[in-house]
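> Return atomic coordinates for the entry below.
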Amino acid sequence: MSGAPSEAICRSNGPGVRLAFYGQGIQNSGNFQVGGNLNIGVQDNSDKDAEFLAALRSTDPSDDRTRIQRQKGGLLEDSYSWILDHADFRRWRDDEQSRLLWVRGDPGKGKTMLLCGIIRELEKLPADTRRLSYFFCQATDVRLSSATSVLRSLLYLLDQEPSLMSHVRKKFAHAGKQLFEDVNQWDALSKILANILQDSSRPNTFLIIDALDECETNRDQLLELLVQISSSYSAKLIVSSRNWPSVEKALRASTQKLRICLELNHESISSAVSRYIDHKVNELTQLNNYDSKTQDAVRHHLASNANDTFLWVALVCEELRKIETWDVLEVIKEVPAGLEDLYDRMMQQIQRLGRRDQEWCRSVLSAVTTAYRPLHQEELGYLSTLPLNIQKMNDHMSTVTGMCGSFLTIRDNVVYVIHQSAKEFLSSNTYIFPSGKRDQHHAMFSRSLKILSRTLRRNIYSLHAPGFPIDQVTPPVPDPLASIRYPCIYWADHLSDAIPLATSEPIDDLRDDGTVQQFLSKKYLYWLEALGLLRGIPEGMIAMTKLRHY
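Numbers count the residues shown, from 1 in each chain. Okay, the predicted model is just below:
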């Protein structure tokens, strides 16, 4: 039967009596049942769509945005409102031919919060007139620093709109989760995005990507795609990055681009930083009960030395928050202008601690800086080899982390480096890495294998059947894998990064009867089981593939 869907009218034969029909010639129906009430079968894609979104999700950018704004003390309208009136922003917004806006500036100038503000304003547009997707690249987390992660997350937000799921159902039905795991995932996901961008059911599509310079894996591939989108589709794009010539060169191919350089908008940035200073000084006054003399002194010093850098203001205010009111005037005189000098001062303060506290801070900072993602406090405890009585208590871990100047911040028991520029400073610091970073990678590899060897065991979740579906597994309480999530997935990466690039020498850990063979001969199946429960099989296999080259 063709044309409009057929109508099937079925009467009940009484309560509890069910009639099964196998929709021959009825569009959009499979088998359907009638029992007591009239039920007409229409294909329900909700479960498959939910499965697709779960497989697609590497992170939820809306959660990342919430976390970033919270880490930075909240989003102030005064810190971004100036850009809404900027001539190039208005041209990007209103001119159909101006599709790509590049916001560029030095570290700490407020690029991320500018884009958060723009996202907030775009969300105020009627939902039925726009699509909005965004991503925040972060080099401190491998899950947020690859071109594929950007693409997957953009699609994840776009595909929250049910009408767009039709663009992915067929591909996902054929490939399943392999769509996101095989060597062709970039091309497959790019085609899905292209199909979505061609969908004209809503007039405006906005794609926003922050910190392109922090996309460390396949950045050129991502830039090429962005240029292609700006040239071939009506979607509007905003990207931000540092003033990197490589980014400028890649974006040069787009004829539809506009640029806003923060250093060339000194008056607007200076005014925004001034309002931010007022906000932070008011916070400090309420917290520490500053008198008017102290308020004026702090405000004057911040305004005189900020150099249009929000991050510098935030770090200085974080130090002032921790000290007694009577010390403020003395401390504020000692605080240098400039991020690099401020980082040097923070490091000198650590070096003035007692010998034991110094060692703990160095261990913590080296582990956090070397890790491939932010670490939970418990993970940080054993990877930095802090004493057991500190490892087991979050309060004690917070105390040690607090001794590390303002380099680190804790949110929901997860430890983050305060900013990418701080991570770069620490990574090149010989006090933190006296023997170089490769030695630290090897130390984290060794610590990872030790805790895995102690913890991994057969059927670690005590499941009743070996074929139990992974999607139905509920972790026990306490979760025996909670403390070993990081080493389970990343131990082989640390070993790989500990090996000199051009070495031809045999690697002791990879010799016959070396540490790796001993671990795999005893724990290989248990490790695979844990990876499966953690949904980390692809990452584990990629890491093992790296080691095959040595």
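
> pLDDT weak spots in the protein?
1-45, 174-176, 501-506, 550 (pLDDT under 70).

> show me what contacts the residue nearest the centre of it?
Nearest residue to the geometric centre of the chain (Cα atoms, centre = their mean): Leu144, 3.9 Å. Contacts for Leu144 (Cβ atoms under 8 Å, 6 or more residues apart in numbering) come out as Thr59, Asp64, Phe135, Phe136, Cys137, Gln138, Glu214. For every residue, glycine as well, the C-beta is placed using N, CA and C.

> Would you confirm that the fifth one contacts Ile208?
No - Cys137 lies out of contact with Ile208 (Cβ atoms under 8 Å); the separation is 11.4 Å.

> And the two? Which one has more around it.
Relative neighbour count places Cys137 above the other of Cys137 and Ile208, with 28 against 23, counting by other Cβ atoms under 10 Å.

> can you pull the contacts of the more buried one?
Cys137 is in contact with Leu144, Ser145, Val150, Ile209, Asp210, Ala211, Leu212, Asp213, Glu214, Cys215, counting by Cβ under 8 Å, 6+ apart.

> One more pass at 6 Å, please.
Contacts here follow Cβ atoms under 6 Å, 6 or more residues apart in numbering; on that basis Cys137 touches Ser145, Ala211, Glu214, Cys215.

> Could you dump the residues you listed into a markdown table with distance to Ala422 and secondary structure added?
Below are the contacts of Cys137 laid out as a markdown table (distance: Cβ to Cβ, whole Å; DSSP: H, G, I helix; E, B strand; the rest coil):
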| residue | distance to Ala422 | secondary structure |
| --- | --- | --- |
| Ser145 | 16 | coil |
| Ala211 | 14 | coil |
| Glu214 | 13 | helix |
| Cys215 | 19 | coil |
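
> Out of these, who's the most crowded?
The most crowded member of these, judged by other Cβ under 10 Å, is Cys215 (27 neighbours).

> Distance check, the residue lying closest to it once chain neighbours are set aside against Leu151.
Distances taken as Cβ to Cβ, 6 or more residues apart in numbering put Cys137 closest to Cys215, at 4.6 Å, once the chain neighbours are dropped. Distance, Cys137 to Leu151, using Cβ to Cβ, to the nearest Å: 12 Å.

> Look up phi and psi at the residue nearest to the centre of the chain.
Main-chain torsions, Leu144, degrees, to the nearest 10: phi -120, psi 20.

> how far away is it from Asp210?
Remark: distance between Leu144 and Asp210 (Cβ to Cβ) = 10 Å.

> Wait, a strand at Val103?
Yes - looking at Val103 with DSSP: H, G, I helix; E, B strand; the rest coil, it is inside a strand.

> Near it, how many other residues are there?
By the criterion of other Cβ under 10 Å, Val103 has 26 neighbours.

> what is it paired to in the beta sheet?
Ser240, Ile260 (DSSP bridges).

> that older thread, could the contacts of Leu144 go into JSON lines alongside distance to Leu408 and secondary structure?
Output for these, formatted as JSON lines (distance: Cβ to Cβ, whole Å; three-state DSSP):
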{"residue": "Thr59", "distance to Leu408": "21", "secondary structure": "coil"}
{"residue": "Asp64", "distance to Leu408": "19", "secondary structure": "helix"}
{"residue": "Phe135", "distance to Leu408": "24", "secondary structure": "strand"}
{"residue": "Phe136", "distance to Leu408": "19", "secondary structure": "strand"}
{"residue": "Cys137", "distance to Leu408": "20", "secondary structure": "coil"}
{"residue": "Gln138", "distance to Leu408": "15", "secondary structure": "coil"}
{"residue": "Glu214", "distance to Leu408": "18", "secondary structure": "helix"}
